[in-house]
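**Q** Dropping a prediction and its sequence here:
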Amino acid sequence: MARRKFWGWGLEDEGLAASEIEQLGAVFAERLGTDGVRVQEPPRVEELNLAAPRLAPPASLEPVFSTDPYDRAAHTYGRSFRDLVRAFRRDYAHAPDLVAFPRGEDELVSVLDWCGDAGVAAIPFGGGSSVVGGVEPDVGDGYRGVISVDLRHLQGVLEVDGTSRAARIAAGTLGPALEAQLKPHGLTLRHFPQSFEWSTLGGWIATRSGGHFATLHTHIDEFVEAVRVVTPCGVLQTRRLPASGAGPSADRLFCGSEGTLGVITEAWMRVLPRPRFRAGASVLFADFADAVQAARELAQSGLNPANCRLLGHDEALVSGSGDGSHAILVLGFESADHELGPWLARALEICASHRGESRGGPGGGPRGGQGGGDGDPAAVWRASFLRGGYLRDGLVRLGLISETFETAVTWDRFWEFHEGVLAATRRAVRQACGGGVVSCRFAYVYPDGPAPYYSVFAPGRPGRELEQWEEIKLAAAEAIAALGGTITHHHAVGRDHRRWYLAEVPPLFAGALRGVKAELDPAGIMNPGVLLEPTGGSR
């Protein structure tokens, strides 16, 4: 049975073929104006020089833990550009000492009890798809050691309440298994982040993941009905309720907690009937400003399209969805209840009023209305999006700099924000790489503002890729903060964004969060360095 790659996306026998790597290299060499690219070979476990574990678990917990080199390597990194570059350099200096695979909540409680008593840091690990340093066991020297806590055995749809349309789901459940187990009930969570195949429900909740819907219920938070969390001080279960005005929400406290307060073990989630009706189209705009105006009007129209993703000219070109002459709005509606022709027709009227030209018809039946197959810009973009993890691996193998950063800002500030972020990022790309491409798309849109998603592609210099990346990342993050955007819309804070997160939230709130952590995690063992500064473990 094929294992997951310890260094990259997907299974060991999956990914881009050699011919695809060569084609990708040729395409980007032409677009970036370089003479050519080099292809690096991925690492093998036997090449890694892992430090000996500093820890040994108590005899009662030995069956839970692994010191296998593959397991330790597979829990060292997430899947960011920085992670991948270090993996290709065979740099596994921060590998966890041990990996825990608790088979139930009782074993998880015992693992955290031991960590608290021994001064050992614990890093919750779902699918390992973090792109912000959220699962890396880099915790400083205030701990006797560090373990990664893998939740793969806490998985499955445990209970379905069809009357209330909710399901109790274990936190270690990967996206495909979750949907497969809801399908016989005619239900779906309908949360499809790009990491869907290799990310878990618990990870989505802990990072406030952005999912399938481009408007209205965009974040996983909206679907959380109740959570169960194992903290170092005990197990916490919130109450199932459709809504409540009883003070600050306990559920919301753990949405976005990123493993710093405890380990989410299961949650009651609001689920949906599976859609039967779909309608969609692609709309082309010669002028990006017209496309932005159309997206804003759609977001404020109350039509609530499921898909309303706007690809800028460069984004359309880089993704292969277009030739760079137009911005493309990927528009779609879906329902389990009714046909959608009138919704799409009205949306296309809005787009036409801003000089948008539609591709695809307004059909709204069970089989119709999603565009015209492989040649349709929406279909091409969707295929590129779904292969995003493999493409990112391929770009790193080719020695290219690739990074994405996403944010959100109100409509009234968008143009100043957008132009400022583009200018700062493009300047940094020129200085660090000599040139490159910075593209933009709207991943999500709200009545009060868009969530722009920026991508960087540039030539790397052998041995200097991380310094190039850091220069670009710093310039982009500083511009986002200075111009009033959020440091992250859905990729989470992790270790990479902590300094900007702590500057973004009010100091009194950060102090209150430290107080909550001290109450739930007095020894400071839970994912140190994420969200807040590490406090050091007890010895």
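**A** Cool, the structure landed.
**Q** For the helix or strand harbouring residue 122, name the packing helices and strands.
**A** Using DSSP states H and E, residue 122 falls within strand 120-125. Secondary-structure packing of strand 120-125 (3 or more C-beta pairs under 8 Å, 6 or more residues apart in numbering; DSSP states H and E): helix 105-118, strand 145-150, strand 263-270. Using the backbone N, CA and C atoms, a C-beta is placed for each residue, glycine as well.
**Q** Pretty sure residue 414 sits against residue 449.
**A** Yes - here residue 414 reaches residue 449: they are 6.9 Å apart, a contact under C-beta atoms under 8 Å.
**Q** host element of residue 345?
**A** Residue 345 belongs to helix 341-352, assigned by DSSP H and E.
**Q** any weak-confidence spans in the stretch 351-500 of the chain?
**A** Within the stretch 351-500 of the chain, the segments meeting pLDDT under 70 span 360-375.
**Q** Adding mean neighbour count and mean pLDDT, write the helices and strands packed on strand 120-125 out as a markdown table.
**A** Output for the helices and strands packed on strand 120-125, formatted as a markdown table (neighbours: other C-beta atoms under 10 Å; pLDDT from 0 to 100):
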| stretch | mean neighbour count | mean pLDDT |
| --- | --- | --- |
| helix 105-118 | 19 | 98 |
| strand 145-150 | 25 | 98 |
| strand 263-270 | 25 | 98 |
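**Q** how about those in TSV, adding distance to residue 483?
**A** Converted to TSV, the helices and strands packed on strand 120-125 look like this (distance: least, C-beta to C-beta, whole Å):
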stretch	distance to residue 483
helix 105-118	41
strand 145-150	37
strand 263-270	33
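**Q** Relative to residue 392, which of the ones you listed is closest?
**A** Residue 392 lies closest to strand 145-150 among the helices and strands packed on strand 120-125, at 22.0 Å (C-beta to C-beta).
**Q** Please name every helix or strand in contact with that closest one.
**A** Counting contacts by 3+ C-beta pairs under 8 Å, 6+ apart, strand 145-150 packs against strand 98-100, helix 105-118, strand 120-125.
**Q** next structured bit after that strand?
**A** strand 157-161.
**Q** averaged over its residues, what pLDDT does that next one have?
**A** The pLDDT scores in strand 157-161 average 98.
**Q** Give the buried residues for it.
**A** Buried residues in strand 157-161, counted by 16 or more other C-beta atoms under 10 Å: 157, 160.
**Q** Residues contacting that strand, please?
**A** Contacts of strand 157-161 with the rest of the structure, by C-beta atoms under 8 Å, 6 or more residues apart in numbering, involve 166-170, 173, 178, 181-182, 185, 187, 266, 271.
**Q** Then stretch 285-302?
**A** 215, 283, 305, 308, 310, 312-313, 325-329, 331, 346-347, 350-351, 353-357, 411, 414, 442, 445-447, 450.
**Q** hmm, try it at 6 Å
**A** Contacts of stretch 285-302 with the rest of the structure, by C-beta atoms under 6 Å, 6 or more residues apart in numbering, involve 215, 308, 310, 312, 326-327, 329, 347, 350-351, 354-356, 411, 442, 445-447.
**Q** partners of the helix or strand that the helix holding residue 345 is followed by, with directions?
**A** The helix or strand immediately downstream of helix 341-352 is strand 357-359, counting by DSSP H and E. Paired neighbours of strand 357-359 in the sheet (DSSP bridges): strand 277-285 (antiparallel).
**Q** Using CSV, list the CA coordinates for the helix or strand that the strand it pairs with is followed by.
**A** Going down the chain from strand 277-285, the next helix or strand is helix 288-299, by DSSP H and E. Extracted C-alpha coordinates of helix 288-299, given in CSV (Å, rounded to 0.1, in the frame of the first residue of the first chain):
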residue,chain,number,x,y,z
PHE,A,288,-10.0,44.4,-14.2
ALA,A,289,-11.8,47.4,-12.7
ASP,A,290,-15.0,46.4,-14.4
ALA,A,291,-14.6,42.8,-13.1
VAL,A,292,-14.1,44.1,-9.5
GLN,A,293,-17.2,46.3,-9.8
ALA,A,294,-19.2,43.3,-11.0
ALA,A,295,-17.9,41.1,-8.1
ARG,A,296,-18.8,43.8,-5.6
GLU,A,297,-22.4,44.1,-6.9
LEU,A,298,-22.8,40.3,-7.0
ALA,A,299,-21.6,40.1,-3.4
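**Q** Put the alpha carbons of the strand holding residue 122 into PDB.
**A** The C-alpha trace of strand 120-125 is given here as PDB (Å, rounded to 0.1, in the frame of the first residue of the first chain):
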ATOM      1  CA  VAL A 120       7.400  18.100  26.500                       C
ATOM      2  CA  ALA A 121       5.800  20.200  23.800                       C
ATOM      3  CA  ALA A 122       2.900  18.600  21.900                       C
ATOM      4  CA  ILE A 123       2.100  19.500  18.300                       C
ATOM      5  CA  PRO A 124      -1.400  18.400  17.100                       C
ATOM      6  CA  PHE A 125      -1.200  17.000  13.600                       C
END
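**Q** how far off strand 145-150 does it point, in degrees?
**A** If you take axes from the mean of the first three to the mean of the last three C-alpha atoms, to 10 degrees, strand 120-125 sits at 30 degrees to strand 145-150.
**Q** mean confidence score for strand 120-125?
**A** Here the average pLDDT along strand 120-125 is 98.
**Q** same deal with stretch 273-285?
**A** On average, stretch 273-285 scores 97.
**Q** buried sites along it?
**A** For stretch 273-285, by 16+ other C-beta under 10 Å, it's 275, 277, 278, 279, 280, 281, 282, 283, 284, 285.
**Q** any idea which of the residues you listed is the one closest to residue 464?
**A** Distance to residue 464, by C-beta to C-beta, is smallest for residue 285 among the buried residues of stretch 273-285, at 38.1 Å.
**Q** what bridges to that closest one?
**A** residue 327.
**Q** can you tell me how far it sits from residue 262?
**A** Residue 285 is 46 Å from residue 262, where distance means C-beta to C-beta, to the nearest Å.
**Q** low-confidence ranges in the stretch 151-300 of the chain?
**A** For the stretch 151-300 of the chain, counting by pLDDT under 70, not a single residue falls below.
**Q** In stretch 302-315, which residues are buried?
**A** For stretch 302-315, by 16+ other C-beta under 10 Å, it's 303-315.
**Q** So which of these are in strands?
**A** 307, 308, 309, 310, 311 (DSSP state E).
**Q** who's in contact with the first one?
**A** Going back to what we said before, that points to residue 307. Contacts of residue 307 (C-beta under 6 Å, 6+ apart): 214, 330, 332.
**Q** could these be laid out in JSON lines, adding neighbour count, secondary structure and distance to residue 116?
**A** Shown next, in JSON lines, are the contacts of residue 307 (neighbours: other C-beta atoms under 10 Å; DSSP: H, G, I helix; E, B strand; the rest coil; distance: C-beta to C-beta, whole Å):
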{"residue": "214", "neighbour count": "26", "secondary structure": "coil", "distance to residue 116": "42"}
{"residue": "330", "neighbour count": "29", "secondary structure": "strand", "distance to residue 116": "48"}
{"residue": "332", "neighbour count": "24", "secondary structure": "strand", "distance to residue 116": "48"}
